[in-house]
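# Need the 3D shape of this:
(chains A and B)
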Amino acid sequence: QQPVQSPQAVILREGEDAVINCSSSKALYSVHWYRQKHGEAPVFLMILLKGGEQKGHEKISASFNEKKQQSSLYLTASQLSYSGTYFCGTREYGNKLVFGAGTILRVKS
Amino acid sequence: DAGVIQSPRHEVTEMGQEVTLRCKPISGHDYLFWYRQTMMRGLELLIYFNNNVPIDDSGMPEDRFSAKMPNASFSTLKIQPSEPRDSAVYFCASRETGANTEAFFGQGTRLTVV
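Sure thing, here's the model as predicted:
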């Protein structure tokens, strides 16, 4: 079953912050975040393992609450290059990796 | 390594024709995934393999779809007969065993069935 992402789309001005949420109805082993530019393949951002960890990647960070089966991606001081579609992928206890419908992020100057 | 390689990049075919999409995973990766991307449903997992063996094909939409992995370096996704609603971008991804390993995606095949 695909995880649910929210919001479906968001428009920001450069320098603004955004949060993208991801939730699953199943117990999760890890959460994967990817970004896809138009016409390109999804590109890996980060993996979060169970244990409630938080990771960072430049001004993009994420958290994972395994008890609630939820993850959030935080984009701080957004740049034009952050525009794209963000996907969360959830890995259950096994190796199945399923993705949500995606969140379209557009950063305007 | 050149990454995950998919072919063709674009395919236009007529309804009812057979379509075969191809994927070469990264050498040493023992998991291979096939996804279909549409605007409405995002990235849908169709099937995945571990060490060339299909593990979960519950996402394959119907019997018209089939996938094989005859060896560690090649996989195919076949649609027979194709229908206009199969039009989408199909991605192949691979990763190696491990708790902290990412999946690498190919460039995708854009399929249009007219």
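# use CA for all of it now, contacts and neighbours both
Fine.
# Find the nearest non-adjacent residue to the closest residue to chain B within chain A, please.
Proximity to chain B, evaluated over chain A using C-alpha to the nearest C-alpha, is greatest for A:Ala101 at 3.8 Å. Take A:Ala101 and drop its neighbours on the chain: the residue closest to it by C-alpha to C-alpha, 6 or more residues apart in numbering or on different chains is B:Gly42, 3.8 Å away.
# Make sure that neighbour is actually in contact with A:Val98.
No: the criterion here is C-alpha atoms under 8 Å, and B:Gly42 misses it with A:Val98 at 10.4 Å.
# And these two? Which one has more around it.
A:Val98 (22 against 18; other C-alpha atoms under 10 Å in any protein chain shown).
# Let me know the secondary structure of that one.
Under the three-state scheme (DSSP: H, G, I helix; E, B strand; the rest coil), A:Val98 adopts strand.
# Remind me which helix or strand the closest residue in space to B:Arg41 that isn't next to it in sequence belongs to.
The spatial neighbour of B:Arg41 that comes closest, neighbours along the chain excluded (C-alpha to C-alpha, 6+ apart), is A:Ala101 at 5.2 Å. Element membership of A:Ala101, judged by DSSP states H and E, is empty: it is in no helix or strand.
# Contacts only, for A:Ala101.
Contacts for A:Ala101 were tallied using C-alpha atoms under 8 Å, 6 or more residues apart in numbering or on different chains; they are A:Gln2, A:Pro3, A:Val4, A:Gln5, A:Phe87, B:Met39, B:Met40, B:Arg41, B:Gly42, B:Leu43.
# Swap in 10 Å and give it another go.
A:2-6, A:8, A:85-89, B:37-44 (C-alpha atoms under 10 Å, 6 or more residues apart in numbering or on different chains).
# same deal with B:Ala67?
The contact partners of B:Ala67, taken as C-alpha under 10 Å, 6+ apart, are B:20-22, B:34, B:46-49, B:54, B:57, B:60, B:75-79.
# Work out which residue lies at the spatial centre of chain B.
Taking C-alpha atoms, centre = their mean as the criterion, B:Trp34 is the residue nearest the geometric centre of chain B, at 3.2 Å.
# Verify the contact between that one and B:Phe49 for me.
Yes: between B:Trp34 and B:Phe49 there is a contact under C-alpha atoms under 10 Å: 8.9 Å.
# Overlap in contacts, those two.
With C-alpha under 10 Å, 6+ apart as the test, B:Trp34 and B:Phe49 both reach B:Asp57, B:Ala67, B:Ser75, B:Ser94.
# Spatially nearest residue to B:Ser94 (excluding sequence neighbours)?
B:Leu32 (4.4 Å).
# Which strand residues bridge the one you found?
B:Phe49, B:Ser94 (DSSP bridges).
# sorry, back to before: so which of the shared contacts of B:Trp34 and B:Phe49 are in strands?
B:Ala67, B:Ser75, B:Ser94 (DSSP state E).
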